[in-house]
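1. curious how this folds, go ahead:
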Amino acid sequence: MDLSRYATLGDDAHISLRTFRANGNAVDTAVWFCRYEGHYYIRTVRDSAKVRRLHANSTAAIASCRWDGEVSGDWQPVQAEVLNDDDDLLPELDTRMDALYGDYRRELTALMKQLGKALCYIKLTPPAKATRE
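-> Numbers count the residues shown, from 1 in each chain. Model (predicted):
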C-alpha cells in the first residue's frame, strides 16, 4: 500500500479522528496528535465517548483539519488501539506532545488530573503497518 498519502497529516497541528457509533454513524473529533515510528498517537480522557466507540469498533479514519474541526485533507483509514497506562511508550509520547503543543497542553493535562480525569493514549495505525505487526 502506498503510504505517501499519510505524509501530509504531519503538516498540521490537528487531525480529525473519525470513529463510528454502533449504528454506523460517523463521529468526527479534532484532536492534537504526534507521530512516532510510523504511527499516530492522540491522548484523550479514558472514559470519553470516542474511547468507548473504539473499544466497540477499532476501525477509524483520520484527516488533516483546522483547530475547529474543519477537514482540510482526505480521510485515511487507520486501526485504533487504546494503550494501557503502563505502556513503555507513554514517557516518549508525553515528551513529543509537550514539544508540539507546549504550555497549553501541560496546563490542560494538569487541569484534567485536578478534575480526576484519567487520560489515555490511542495508537492509530495505517493499514499496511497493521498487517505487519
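2. hey, let's count contacts and neighbours off CA atoms from now on
-> Will do.
3. what about the strands in this protein?
-> 14-20, 26-32, 34-36, 39-45, 59-65, 76-82, 119-125 (DSSP state E).
4. quick one: least confident helix or strand in the protein?
-> helix 127-132 (a mean of 58; mean pLDDT, DSSP states H and E).
5. tally of neighbours for Asp86?
-> For Asp86, the neighbour count with other Cα atoms under 10 Å is 7.
6. residue nearest the centroid of the chain?
-> Centroid-nearest residue in the chain: Ile42, 3.0 Å away (criterion: Cα atoms, centre = their mean).
7. quick one, what contacts Val82?
-> By Cα atoms under 8 Å, 6 or more residues apart in numbering, the contact set of Val82 is Val51, Leu54, His55, Cys120, Tyr121, Ile122, Lys123.
8. find the nearest non-adjacent residue to the fifth one, please.
-> Nearest non-adjacent residue to Tyr121, counting by Cα to Cα, 6 or more residues apart in numbering: Arg43, 4.3 Å away.
9. residues in contact with the one you found?
-> Counting by Cα under 8 Å, 6+ apart, Arg43 has contacts Trp32, Phe33, Leu119, Cys120, Tyr121, Ile122.
10. tell me the confidence at the residue located most distally from the centre of the chain?
-> The centre of the chain is farthest from one residue, Gln114, which by Cα atoms, centre = their mean lies 22.6 Å away. pLDDT recorded at Gln114 is 94.
11. ok, now Ser72?
-> 89.
12. surely it touches Arg66?
-> Yes: counting by Cα atoms under 8 Å, Ser72 touches Arg66, with 7.0 Å between them.
13. and Arg53, what does it touch?
-> So Arg53 contacts Thr19, Phe20, Arg21, Ala22 (Cα under 8 Å, 6+ apart).
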